[in-house]
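Undergrad: Below are the sequence and a predicted model for it; my questions follow.
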Amino acid sequence: MSRRASVADVLNRLTALSQELAGTFRPVTIVEIIARVLTEQLAPGRLSIMLLDVDTNRLVVNHHNGPRPATTDDPLLQLALRRGPLVFPDTVAKRAAELGVVVEKPVPASWLGAPIVAVSRTIGAAALEGDSKNAMDDDALVFTRAVLAQAGIALENARLVELLSSGKREWEQTVDAFNQAICYVDPQGAVRRANRMFAELIKLPVTALTGRPWLTLVPPAWVDPIARLLTPEGANTAADVRSGERTLVVAAIPAGEPGAAVLLFEDQTEKRRLQEQLLQSEKMSAIGQLIAGVAHDLNNPLASVVGFSDLLGEAPDVPPRLAEPLAVIRQEAERASSIVRNLLSFARRQEGERQLQSIRPILESTHQLLKNQLLAARIELTLTFEPGLPEVEVHANQIKQVFINIINNAAQAIASTRAKQGGGRIDIVTRCEPDGLSVNISDNGPGIPEALVQRIFEPFFSTKSEGEGTGLGLSICHGIVKEHGGDITVEPGGAGSGSGATFTVQLPTGIRVELSPHVSGVSAESGRAERPEHLRVLVVDDEPHILHYMQATLESWGHEVAVANDGSQALKRALLQPFDLIICDLRMPRLGGREMFQTLARMHPTVADRIIFATGDTVRGDTLQFLEELGRPFLQKPFKLDALRRVLAGVVKVPA
């Protein structure tokens, strides 16, 4: 070694090696550097370097230079790994044999080998062969050990850098997978790290964020709320910020360093919409309950008005001058009754089976429900029905909800452009189709922009101003029609077409099913029977006017009538004397009609079988379910005298 270079040259070479390795963090490059330095300094005839592969935990030959290939089980390479550092200036085979290693031919003239150690852990070895005796000597071994010591440090640093880089990649992949935008702010207010969601939020590349003050990155409107969050008083609190139509909740979580924090941005737009929709749904439910309560309370006085007007209309001794007023009373009472029925129908829970029925009464009742609203908006609605329309198997209330929503949308569209012009018009045309029917609802409003047509049935999409719509109406309509096996489409109309939008609801024909015994609240078969001349009837109701009207009516028809104003009184009378028919209200104080029926069913089943219920409450699911399970006719208040006659016609007189 001394013949090759001076000590100063060796030190300079080692210093240069140290500087070169200090900036190298790739194991492959480190191996190339130490191989070059050893080759330039010692000129070995053969140089082999092997390292431990971290991923597989196996030794791998990383560098070889010489006439023969090297393998990890090479005897001299293994000797360097397990027993080094060693140097054999001559008689290599003999010296190796003394250590229990057999060297295969050709045997090198000289040899040295040393392990590569990193932090007290052997991670590899290097072996150098000389072409002549003493080519590898003690000086060469000292130099090699110095080089491999620096290589061990550099390889360990490379491993740590790789671990750090891997940890950084894993952190980035983890936080990039979050739906929340994350930004780490250091004590000086600079961004140290951020994920892709944050970069997308502020519309900058991730690589442009690190080191920049957060104040310069976020919109100006966000600065004050975020600054408050970064104060000690604002720690672990949250604030709302807006980004276009999006609502974000920002929270500042204190980090390890004083003054540092992690800003967490969570998009709560959809959550807020769902909360608002839930609130709207609860409001609608409350409105439905209110409608149901009001309708029920109206039914009792309407029952008296409808009943007495019918009774007086049939009376032969009514003066001629009262004929027209009585006709008006009957007409208006029937109109009020129709409005209440429509309200009850709309407020009723969507229960029950689909039935094969005509679409015409559904559309007509929808028209009646919206008639006053359309008149107030100066909008004319016309209904046209093609002859020979097939019946469709539908849930009437659900399909009615579809038509109400479309008509309301059309009315609002007309009002937006024709508030001063007047002349609003909605045309509903129902036509036969090969596999069912179609209902076309057209208006003369402004139409729908072409760009919005593709999104018109999307949930939460609305063209209305905030507070005027939820964006769920048409999506619900779409779902209802699809559940019925139909389809709903839209023609946008608008500029150039000369008309507004046209919605088309297509419904398929169904398979006819047997109707339940109570159609429209009365028996489907009883109308064909003849009414007995004289019946004993018990009328049970807590409304005195209804008792008066029922008693007067039935007695005028020649029947014997007893009355009771609650279930307890009626129960006693029903058990003491025989009645051919008991007409009983369902909801009464003290003892209701249902409870009275259940008591009679236990004590005297034949008497219970003579009860016919009259009620204005079929909105509640339990009431409707009770009547349907009973499977018998019932009178829906307010009812006409024809309905009462059909009920009486089906009564079998009990022998006296």
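TA: Noted; the coordinates are in hand. Numbers count the residues shown, from 1 in each chain.
Undergrad: for the stretch 101-250 of the chain, what spans make up the helices?
TA: Assigned by DSSP state H, counting those that start in this stretch, the helices in the stretch 101-250 of the chain fall at 138-176, 196-202, 220-229.
Undergrad: Can you add mean pLDDT and mean neighbour count and give these back as a markdown table?
TA: For every residue, glycine as well, the C-beta is placed using N, CA and C. Shown next, in a markdown table, are the helices of the stretch 101-250 of the chain (pLDDT from 0 to 100; neighbours: other C-beta atoms under 10 Å):
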| stretch | mean pLDDT | mean neighbour count |
| --- | --- | --- |
| helix 138-176 | 86 | 17 |
| helix 196-202 | 86 | 19 |
| helix 220-229 | 89 | 15 |
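Undergrad: how about those, which one is nearest residue 131?
TA: Residue 131 sits nearest to helix 138-176 of all the helices of the stretch 101-250 of the chain, at 13.1 Å, using C-beta to C-beta.
Undergrad: who's in contact with the closest residue to residue 212 other than its chain neighbours?
TA: Spatial nearest neighbour of residue 212, excluding adjacent residues (C-beta to C-beta, 6 or more residues apart in numbering): residue 191 at 5.6 Å. In this structure, residue 191 makes contact with 183, 184, 185, 209, 210, 211, 212, 213, 214, 217, judged by C-beta atoms under 8 Å, 6 or more residues apart in numbering.
Undergrad: And residue 32, how close does it get to residue 63?
TA: Noted for residue 32: a distance of 7 Å to residue 63, by C-beta to C-beta, to the nearest Å.
Undergrad: which one of the two has more residues nearby?
TA: residue 63 (19 against 15; other C-beta atoms under 10 Å).
Undergrad: To residue 632, which of the helices of the stretch 101-250 of the chain lies closest?
TA: Of the helices of the stretch 101-250 of the chain, nearest to residue 632 by C-beta to C-beta is helix 196-202, at 63.3 Å.
Undergrad: other SSEs contacting that closest one?
TA: Here helix 196-202 touches strand 181-185, strand 261-267, going by 3 or more C-beta pairs under 8 Å, 6 or more residues apart in numbering; DSSP states H and E.
Undergrad: who touches it?
TA: Outside helix 196-202, the residues that touch it by C-beta under 8 Å, 6+ apart are 176, 178-183, 205-206, 209, 217-219, 243, 248, 263, 265.
Undergrad: again, only this time at 7 Å
TA: Helix 196-202 has contacts (C-beta atoms under 7 Å, 6 or more residues apart in numbering) with 176, 178, 180-183, 205-206, 209, 217-218, 243, 265.
Undergrad: swap in stretch 541-550?
TA: Contacts of stretch 541-550 (C-beta under 7 Å, 6+ apart): 300, 303-304, 307-308, 311, 539, 563, 565-566, 583, 585, 588-589.
Undergrad: end-to-end on stretch 61-74?
TA: This stretch, stretch 61-74, spans 10 Å end to end (C-alpha to C-alpha, to the nearest Å).
Undergrad: which one of the contacts of residue 191 sits closest to residue 635?
TA: Ranked by distance to residue 635 (C-beta to C-beta), these are led by residue 183 at 69.3 Å.
Undergrad: and the closest one, what does it touch?
TA: Residue 183 touches 191, 194, 198, 214, 263, counting by C-beta under 7 Å, 6+ apart.
Undergrad: again, only using 6 Å
TA: Each residue near residue 183 by C-beta atoms under 6 Å, 6 or more residues apart in numbering is listed here: 191, 194, 198, 263.
Undergrad: quick check, distance from stretch 246-266 to the centre of its chain.
TA: Relative to the centre of its chain, stretch 246-266 is centred 27 Å away, using C-alpha atoms, centre = their mean, to the nearest Å.
Undergrad: Which residue ranges of the stretch 451-600 of the chain form strands?
TA: Ranges of strands in the stretch 451-600 of the chain, per DSSP state E, counting those that start in this stretch, are 487-491, 502-508, 518-519, 522-523, 536-540, 560-564, 581-585.
Undergrad: Tell me which of those is the most buried.
TA: strand 581-585 (a mean of 26; mean count of other C-beta atoms under 10 Å).
Undergrad: Take the helices and strands packed on helix 196-202 and write them to CSV, including mean pLDDT and distance to residue 372.
TA: Listed next are those as CSV, based on pLDDT from 0 to 100; distance: least, C-beta to C-beta, whole Å:
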stretch, mean pLDDT, distance to residue 372
strand 181-185, 89, 51
strand 261-267, 88, 43
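Undergrad: so of those strands, which one's packed in deepest?
TA: Of these, strand 181-185 is the most buried (mean count of other C-beta under 10 Å), at a mean of 22.
Undergrad: Run me through the strand neighbours of it, direction for each.
TA: If you go by DSSP bridges, strand 181-185 pairs up with strand 191-194 (antiparallel), strand 261-267 (antiparallel).
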